[in-house]
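A.B. asks: task: produce atomic coordinates for the following.
(chains A and B)
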Amino acid sequence: GAVVSQHPSWVICKSGTSVKIECRSLDFQATTMFWYRQFPKQSLMLMATSNEGSKATYEQGVEKDKFLINHASLTLSTLTVTSAHPEDSSFYICSARDLGAGNTIYFGEGSWLTVV
Amino acid sequence: KQEVTQIPAALSVPEGENLVLNCSFTDSAIYNLQWFRQDPGKGLTSLLLIQSSQREQTSGRLNASLDKSSGRSTLYIAASQPGDSATYLCAVRGGRGGSEKLVFGKGTKLTVNP
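C.D. replies: Below you'll find the predicted structure:
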């Protein structure tokens, strides 16, 4: 099946710094990608919808200035957590929709962020 | 607002058993429904996708059904194996307003004991 790659798989950063997470669709073009965060034993919470060539659409309660999303190409979307705080520590997962596969959604492996 | 519920929250079975996981959603106007598997600390693996016009999909030992009018889906796993142990998530796309977003249930944590 289609593959979505996320990098890095895990990252530790100091409080106040910024960290970037990449999401790539490896064998299909994705005009739309989605970013989620997941707290332990909870389900996925959609943060924003990333659209190639345009601004991301953020869910209510998600700070757009804190979670910067860039979808510069049909195969890459990035999420930058700016001025990270310990409460931003979470599991971040991206997904991409493959229009050529009946709109099947494929997920990346996720990125563990720990802010110390 | 679309809401997805999965029951049971956790399930433990001996190896070889057939089992059913349940998913219900409040708004029947969906575009499709997808079942995923998530291993601890990992991303999601797509298992089956059912379009709104379909009644079921099968892949190997997995069979997913969809009853859109009643807002229900089931995932049937035949002859369960320890390697099936994971959290199974149900997600629906769509609803009134034509949302393209996926709405997830909280999942069913399955443990298959050898």
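
A.B. asks: and B:Ser53, how many neighbours?
C.D. replies: 8 (other Cβ atoms under 10 Å in any protein chain shown). C-betas here are computed from N, CA, C, even on glycine.

A.B. asks: I'd like the distance between it and chain A.
C.D. replies: 11 Å (Cβ to the nearest Cβ, to the nearest Å).

A.B. asks: list the beta-bridge partners for B:Ala10.
C.D. replies: Under DSSP bridges, the beta-bridge partners of B:Ala10 are B:Lys109.

A.B. asks: again, but for B:Val92
C.D. replies: Applying DSSP bridges to B:Val92 gives these bridge partners: B:Leu33, B:Val103.

A.B. asks: wait, it sits on B:Trp35?
C.D. replies: No. Counting by Cβ atoms under 8 Å, B:Val92 stays clear of B:Trp35, with 10.6 Å between them.

A.B. asks: more neighbours: which of those two?
C.D. replies: B:Val92 (32 against 23).

A.B. asks: so who does the more buried one touch?
C.D. replies: Listed by Cβ atoms under 8 Å, 6 or more residues apart in numbering or on different chains, the contact set of B:Val92 reads B:Gln2, B:Val4, B:Phe25, B:Ile30, B:Asn32, B:Leu33, B:Gln34, B:Leu102, B:Val103.

A.B. asks: now A:Val11
C.D. replies: Counted by Cβ under 8 Å, 6+ apart, A:Val11 has contacts A:Val19, A:Ile21, A:Ser111, A:Trp112, A:Leu113, A:Thr114.

A.B. asks: let's verify residue 64: helix, strand, or coil?
C.D. replies: Because you didn't say which chain, this covers chain A. Classification of A:Lys64 using DSSP: H, G, I helix; E, B strand; the rest coil returns coil.

A.B. asks: contacts only, for it.
C.D. replies: So A:Lys64 contacts A:Ala48, A:Ala56, A:Tyr58 (Cβ under 8 Å, 6+ apart).

A.B. asks: what's the neighbour count on the first one?
C.D. replies: The burial metric for A:Ala48, expressed as a neighbour count using other Cβ under 10 Å, is 21.

A.B. asks: which residues sit against the helix or strand where it lies?
C.D. replies: A:Ala48 belongs to strand A:44-51 when assigned by DSSP states H and E. Identification of contacts with strand A:44-51 by Cβ under 8 Å, 6+ apart yields A:31-39, A:56-59, A:62, A:64, A:67, A:69-71, A:77, A:79, A:93, B:44, B:89, B:100-102, B:104.

A.B. asks: can you turn the buried part of the residues you listed into a PyMOL selection?
C.D. replies: In PyMOL, this line selects whichever of those come out buried by 16 or more other Cβ atoms under 10 Å in any protein chain shown:
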select buried, (chain A and resi 32+33+34+35+36+37+38+56+57+58+62+67+69+71+77+79+93) or (chain B and resi 44+89+101+102+104)
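
A.B. asks: mind checking which of the contacts of strand A:44-51 are in strands?
C.D. replies: A:32-38, A:57-58, A:67, A:69-71, A:77, A:79, A:93, B:44, B:89, B:102, B:104 (DSSP state E).
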